[in-house]
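K.L.:
build me a structure from this.
(2 chains)
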Number of protein chains: 2
Amino acid sequence: MNIHAVIRKIAEDAQAASRRLAHMSDMVKNAALLRMADELTWRHDFIIAENQRDVAHARDKGSSAPMLDRLTIKDETINAMAQGLREVAALPDPVGKVSSMWRRPNGLLVGRMRIPLGVIGIIYESRPNVTVDASALCLKSGNAVILRGGSEAIHSNLAIASILQDVLEQSPLPAKAIQMIPFVDRAAVSTMLQLDEHIDLIIPRGGEDLIRTVVAQSKIPVIKHYKGVCHIFVDTAADLDVAVNITRNAKVQRPGVCNALETLLVHQDVAPAFLPRMAQVLQKAGVLIKGCEKTSAILSNIDAATEEDWHTEYLDLILSVKIVDSMDDAIAHIEKYGSLHTESIITKDYANAQRFLNEVNSSTVLVNASTRFSDGFELGLGAEIGISTTKLHAFGPMGLEELTTSKFIIYGDGQIRT
Amino acid sequence: MNIHAVIRKIAEDAQAASRRLAHMSDMVKNAALLRMADELTWRHDFIIAENQRDVAHARDKGSSAPMLDRLTIKDETINAMAQGLREVAALPDPVGKVSSMWRRPNGLLVGRMRIPLGVIGIIYESRPNVTVDASALCLKSGNAVILRGGSEAIHSNLAIASILQDVLEQSPLPAKAIQMIPFVDRAAVSTMLQLDEHIDLIIPRGGEDLIRTVVAQSKIPVIKHYKGVCHIFVDTAADLDVAVNITRNAKVQRPGVCNALETLLVHQDVAPAFLPRMAQVLQKAGVLIKGCEKTSAILSNIDAATEEDWHTEYLDLILSVKIVDSMDDAIAHIEKYGSLHTESIITKDYANAQRFLNEVNSSTVLVNASTRFSDGFELGLGAEIGISTTKLHAFGPMGLEELTTSKFIIYGDGQIRT
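P.N.:
Take a look at the predicted model:
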């Protein structure tokens, strides 16, 4: 069979599996998830041996140390994967949930019941833990999953997937509920993205290039997240201690992630008092500051920000800083340069806080808290399959419920339309 | 300016308008909707004169009588449009609604607030009333709309849109919140479907060909509905009076719409008692019956159904009938041939009713009620912008809430991540 035929078979099998999986009880799904956790732990030698093949290959190709580090699976990595499976098992099952029912004047009782989406394709890079996380969340929410990991982790991913599949084989669940594409060939992805009759949703997880390539090719709906250019606005009425503390946390605590701060907007009234304190703390933490002209007039030892900086997700210890005349200016800047990801206002003023929450339509908007809270776990969703910065279906961090849709269910007693 | 540049300008203006419109109060939006209703009524001569140009052109082209009928605007049509506007004004505004909030262990108060999608493109055929309906629902839900009607109704649509726009001009609302594409050239649609930076959602309303063309070309998410092959399953425990009554209603009351019945599945145990009664009633109403072999063994005066029939949305007084061995068979048939639109079971058996509701994952599933209730108004949504038969974002009839998404809003008091 050629690649095209193999991928089509995988998608057809996934669809058939999804139809059975949709009606499996939470108890059965949880038992499988817990068994998967055990099996991963018991078979750690196998996983690490396969992973070492990937690591050796990456080393031969001259991959960077951080890249090798992300690729390497250790016993702790496996324990974390197993723990993740147990946590997903403990979450409430969204499938079958009826949030409300209402009675129509003709007596019909109408409700909406949560059901799985069907088949979900996950396309991701390097980190093999996504194989476990994505499989667990899809299985728990009743969806079949087709995994396509990066070529650099192919042996690790296939090893992990085979363990998960072995558990499915021994369970009442459909064995094809979790499948991994066994080719590194890019044609496999192109083929997969055409199969809109069998696959309901594609979630790409990786850099902006990967996501743009997937969106350009896909006939299937894609939930996507290009980048996180997150802002903090330090309002004229900010508590400056809070502003310094939150700015440092949002920029420094983990600069390489999408909800880290990239641009700081400072109201001109507080700039002279705030910026020197802020710069001292950030520079001590190794942050390079790039400022607008007005910022440079207050802080001497910084770089000049260019137009390009306002668009940039640094994912690094770099921060662009702009002084604004008003909250209108701040909101206009966010609308023009933002990525609809996460923005926070630091203020003691009630009306300004409410206005910012109402008027900024990014996927997560905070008052007096770090942008780093824009995360499925931190917001209390119990899990995170990804973050969407487009508005269709899901906007912001996505938990289990975002892997479902709802159908209308209607109890009648003979009603007809007149 | 060429078409491409004009369409791009329309999309950019729509996006700018959508950002202002998102924060307009319900009171201001309602005042505009009520004023639009009045203006349509007052300027009925202008609308009818422009409509007559379209009708004359269609008659010259040799359009069919039903086609001319759908195109023609009368005073009653205008009154119905005005009434529709008043009804939308009376609906609750979904924007700004916070359905629930929860407290995190660190004190953060997290909620989800409904916000508009942004810019919605509506691509539709012949009926000019869609111009009013779609504009009203988009405006009420805080979205800017770009309308692209059929070429046969271009003068009618432009006349109606100009009246709506005049009201916007005189109101505090952004004038570009409602725009109509002034070209009949197909390149206008192709260009529009590429503008994913400015347009958030496309809703095509029309035949399957129109929808497939839009999906094939669009870089923007499309909410779609290819066809409605709706089923009724007459269970072994059906009340046969109810079954006959509902079958007749679902097939005959309005055969040309997507929620009309197309295929009747009958449990073999009740087929001998049910089918002759059913056939007598339907044939009296002018319905042509196409049956499987077993059906033909019971009913002599019917046509034979082919494989193709099970896939067909007749939109006419034709019904395909199949005898099944069991509910498993019925569900398998619906999974194989259905369009995920609407299915109903007729039964007195509690367990069978519950099983059908749980296991059939079409967008609307009913017990003992006509498929014709799969409709935004009938289900109590207050409105209907369309019906989705794909699962992303919305599934089934879509009301005002489906024209919104939700963002996370978070009240903090200095929280940082550790």
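K.L.:
quickly list the domain ranges of chain A.
P.N.:
A:3-224+A:397-409, A:230-378 (automatic domain parsing).
K.L.:
what's the neighbour count on the nearest residue to A:R205 once chain neighbours are set aside?
P.N.:
Distances taken as Cβ to Cβ, 6 or more residues apart in numbering or on different chains place A:Y124 nearest to A:R205, at 4.2 Å, with adjacent residues excluded. The way it works is simple: take the backbone N, C-alpha and C, and place the C-beta from them, glycine included. By the criterion of other Cβ atoms under 10 Å in any protein chain shown, A:Y124 has 23 neighbours.
K.L.:
now do A:V321
P.N.:
27.
K.L.:
with A:T418 instead?
P.N.:
8.
K.L.:
show me what contacts it?
P.N.:
Contact analysis of A:T418 by Cβ atoms under 8 Å, 6 or more residues apart in numbering or on different chains lists B:Q253.
K.L.:
again with A:V95
P.N.:
Taking Cβ under 8 Å, 6+ apart as the test, what A:V95 contacts is A:22, A:26, A:114-116, A:141-142, A:404.
K.L.:
can you rerun that using 7 Å?
P.N.:
A:114-116, A:141-142, A:404 (Cβ atoms under 7 Å, 6 or more residues apart in numbering or on different chains).
K.L.:
out of those, who's near chain B?
P.N.:
A:I115 (Cβ under 7 Å from any Cβ of the partner chain).
K.L.:
and which of the contacts of A:V95 is nearest to B:T312?
P.N.:
A:I115 (26.0 Å; Cβ to Cβ).
K.L.:
ok, now which ones touch the closest one?
P.N.:
A:22, A:95, A:404-407, B:361.
K.L.:
from the residues you listed, which two are the most distant?
P.N.:
Top of the distance list for those (Cβ to Cβ): A:A22 and A:S406, 13.1 Å.
K.L.:
hang on, the earlier thing: would you turn the contacts of A:V95 into CSV with secondary structure?
P.N.:
Below are these laid out as CSV (DSSP: H, G, I helix; E, B strand; the rest coil):
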residue, secondary structure
A:R114, strand
A:I115, strand
A:P116, strand
A:S141, coil
A:G142, coil
A:T404, strand
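K.L.:
ok, of the contacts of A:V95, which one's closest to chain B?
P.N.:
Nearest to chain B among the contacts of A:V95: A:I115, at 5.0 Å, using Cβ to the nearest Cβ.
K.L.:
tell me the bridge partners for that closest one.
P.N.:
A:T405 (DSSP bridges).
K.L.:
run through the residues that contact the residue nearest to A:R205.
P.N.:
With Cβ under 7 Å, 6+ apart, A:Y124 has these contacts: A:130, A:149-150, A:205-206.
K.L.:
same check on A:K74?
P.N.:
Contacts of A:K74 (Cβ under 7 Å, 6+ apart): none.
K.L.:
repeat for A:Y314
P.N.:
A:E262.
K.L.:
am I right that it falls within a helix?
P.N.:
No - applying three-state DSSP, one finds A:Y314 to be coil, outside a helix.
K.L.:
phi first, then psi, for it.
P.N.:
Dihedral angles of A:Y314 (phi, psi; degrees, to the nearest 10) stand at phi -70, psi -40.
K.L.:
element containing the closest residue to chain B within the stretch 151-300 of chain A?
P.N.:
Relative to chain B, the nearest point of the stretch 151-300 of chain A is A:N249 (3.6 Å; Cβ to the nearest Cβ). Assigned by DSSP states H and E, A:N249 belongs to helix A:240-252.
K.L.:
A:R103 contacts A:G111, correct?
P.N.:
No - contact status for A:R103 versus A:G111: not in contact, 10.2 Å apart, counting by Cβ atoms under 7 Å.
K.L.:
okay, these two: which has more neighbours?
P.N.:
Neighbour comparison, A:R103 and A:G111: the larger count goes to A:G111, with 17 against 11 (by other Cβ under 10 Å).
K.L.:
give me the element the more buried one is part of.
P.N.:
With DSSP H and E as the test, A:G111 turns up in strand A:109-116.
K.L.:
state the mean pLDDT of that strand.
P.N.:
Mean pLDDT, strand A:109-116: 98.
K.L.:
give the buried residues for it.
P.N.:
A:110-116 (16 or more other Cβ atoms under 10 Å in any protein chain shown).
K.L.:
return the member of those nearest to B:D54.
P.N.:
A:V110 (38.6 Å).
K.L.:
do you know how far that closest one is from A:L379?
P.N.:
30 Å (Cβ to Cβ, to the nearest Å).
K.L.:
would you agree A:A22 is in contact with A:V119?
P.N.:
No - with contact defined as Cβ under 7 Å, A:A22 does not count as touching A:V119 (10.7 Å).
K.L.:
put the alpha carbons of the helix or strand harbouring A:V167 into PDB.
P.N.:
Using DSSP H and E, A:V167 sits within helix A:154-170. Extracted in PDB, the C-alpha atoms of helix A:154-170 (Å, rounded to 0.1, in the frame of the first residue of the first chain):
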ATOM      1  CA  ILE A 154       9.400   8.900  15.600                       C
ATOM      2  CA  HIS A 155      10.800   5.900  17.600                       C
ATOM      3  CA  SER A 156       9.900   7.400  20.900                       C
ATOM      4  CA  ASN A 157       6.400   8.200  19.700                       C
ATOM      5  CA  LEU A 158       5.800   4.800  18.100                       C
ATOM      6  CA  ALA A 159       7.000   3.100  21.300                       C
ATOM      7  CA  ILE A 160       4.700   5.100  23.500                       C
ATOM      8  CA  ALA A 161       1.700   4.700  21.200                       C
ATOM      9  CA  SER A 162       2.300   0.900  20.900                       C
ATOM     10  CA  ILE A 163       2.000   0.700  24.700                       C
ATOM     11  CA  LEU A 164      -1.200   2.700  24.800                       C
ATOM     12  CA  GLN A 165      -2.600   0.600  21.900                       C
ATOM     13  CA  ASP A 166      -1.700  -2.700  23.700                       C
ATOM     14  CA  VAL A 167      -3.900  -1.500  26.600                       C
ATOM     15  CA  LEU A 168      -6.800  -0.700  24.200                       C
ATOM     16  CA  GLU A 169      -6.400  -4.200  22.700                       C
ATOM     17  CA  GLN A 170      -6.900  -5.800  26.100                       C
END
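K.L.:
tell me what that helix is packed against?
P.N.:
Here helix A:154-170 touches helix A:26-42, helix A:44-60, helix A:129-140, strand A:178-180, going by 3 or more Cβ pairs under 7 Å, 6 or more residues apart in numbering or on different chains; DSSP states H and E.
K.L.:
that one vs helix A:26-42, what angle?
P.N.:
Our comparison of helix A:154-170 with helix A:26-42, counting by axes from the mean of the first three to the mean of the last three Cα atoms, to 10 degrees, yields an angle of 140 degrees.
K.L.:
the strands in the stretch 151-300 of chain A, which residues?
P.N.:
A:178-180, A:201-205, A:230-234, A:261-267, A:288-291 (DSSP state E, counting those that start in this stretch).
K.L.:
check whether the third one contacts chain B.
P.N.:
No - residues of strand A:230-234 contacting chain B under Cβ under 7 Å from any Cβ: none, with a closest distance of 11.8 Å.
K.L.:
how far off strand A:261-267 does that strand point, in degrees?
P.N.:
Using the same axes, to 10 degrees: strand A:230-234 against strand A:261-267 is 20 degrees.
K.L.:
name the residues of strand A:230-234 that are buried.
P.N.:
Here strand A:230-234 shows A:230-234 as buried, counting by 16+ other Cβ under 10 Å.
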